[in-house]
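> Got a predicted model here, sequence first, then my questions.
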Amino acid sequence: MQKIRAWFSKHYHNLMQIRDTPHAIAGGLGLGLFIGFLPVLVPFVPAKMLLGILLAWLFRCSKLSAVIGVNCHDVVLPVWPLVLRWQYIIGYWILSHPHKLPPKLPSLQKHLSVVNEHLTMSEWIHRWAQHWLHWKTLRLVWWPTFLGAMVLALPLALLSYFIVLKIVQKYQERLTPHQPQTFS
């Protein structure tokens, strides 16, 4: 719990040090959170961070707060498999007609047998790509997971935008000295 509190404190101070409008800071964080919760297929590449920066640039938001938002999913990293599973369940339910929950997951014993094999990195990447980038897997697993991620990430991004907007506005109001109004 202490590590989570320290993580939030560090990122709070990083957000407050950004010199930009409250809208740009809150928008960047909201976009970053949205992108951070999407399942991206590209391994070993900071694709989410680059996508967050690109979207922040397109929407004229703070790129730094977008990067912080993309990295916010690190807080839920220990439960990330459960988040992905819920994203898949929601997406599967939306795509099925009539609506139903997905079937049970297959046993992991078959997949864990690969761990005992001695594979080079290129062999491992090739096997990963053959299985996970196959059109059938993309259609049956990634598309429902992506759709479920959008359903979960959009309200989270909007909620964080409005909360961070208020926090940054109050913080910046405290920093700016109140100037007396002059009447002419």
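Structure's in. What do you need?
> the longest helix in the protein is where?
In the chain, with assignment by DSSP state H, the single longest helix is helix 143-175.
> average model confidence for that helix?
For helix 143-175, mean pLDDT rounds to 92.
> quick one, helices of this structure?
For the chain, the helices defined by DSSP H occupy 2-16, 22-36, 47-58, 63-70, 80-95, 109-112, 121-132, 135-137, 143-175.
> contacting residues for L84?
Contact partners of L84, counting by CB atoms under 8 Å, 6 or more residues apart in numbering, are 39, 145. Using the backbone N, CA and C atoms, a C-beta is placed for each residue, glycine as well.
> nope, R60 is what I meant
By CB under 8 Å, 6+ apart, the residues touching R60 are A24.
> How much space separates it from M1?
R60 sits 37 Å away from M1, going by CB to CB, to the nearest Å.
> Then Y161?
From Y161 to M1 the distance is 26 Å (CB to CB).
> Please identify which of these two sits among more neighbours.
Y161 (22 against 5; other CB atoms under 10 Å).
> I'd assumed I25 was in contact with that one.
No: contact criterion CB atoms under 8 Å: Y161 and I25 do not qualify, at 9.8 Å.
> Measure how buried H97 is and give me the count.
Neighbours of H97 using other CB under 10 Å come to 6.
> check contacts around the residue nearest to V151 when sequence neighbours are not counted.
What sits nearest to V151 in space, not counting adjacent residues and going by CB to CB, 6 or more residues apart in numbering, is I90, at 5.4 Å. When contacts are counted by CB under 8 Å, 6+ apart, I90 touches 147-148, 151-152.
> Distance of I90 relative to L55?
Distance, I90 to L55, using CB to CB: 23 Å.
> Show me what counts as buried in stretch 141-156.
141-142, 144-150, 152-153 (16 or more other CB atoms under 10 Å).
> Looking at those residues, which is nearest F37?
Nearest to F37 out of these is A153 (CB to CB; 3.9 Å).
> got the contact list for V76?
Under the contact definition (CB under 8 Å, 6+ apart), the residues listed for V76 are V83.
> For L152, see how far away it is.
Distance, V76 to L152, using CB to CB: 11 Å.
> I'd like to check what contacts stretch 33-50. Which residues are they?
Here stretch 33-50 has contacts from 51-52, 55, 66-67, 69-73, 83-84, 87, 125, 128, 132-133, 138, 142, 145-146, 149-150, 152-154, 156-157, 160, using CB under 8 Å, 6+ apart.
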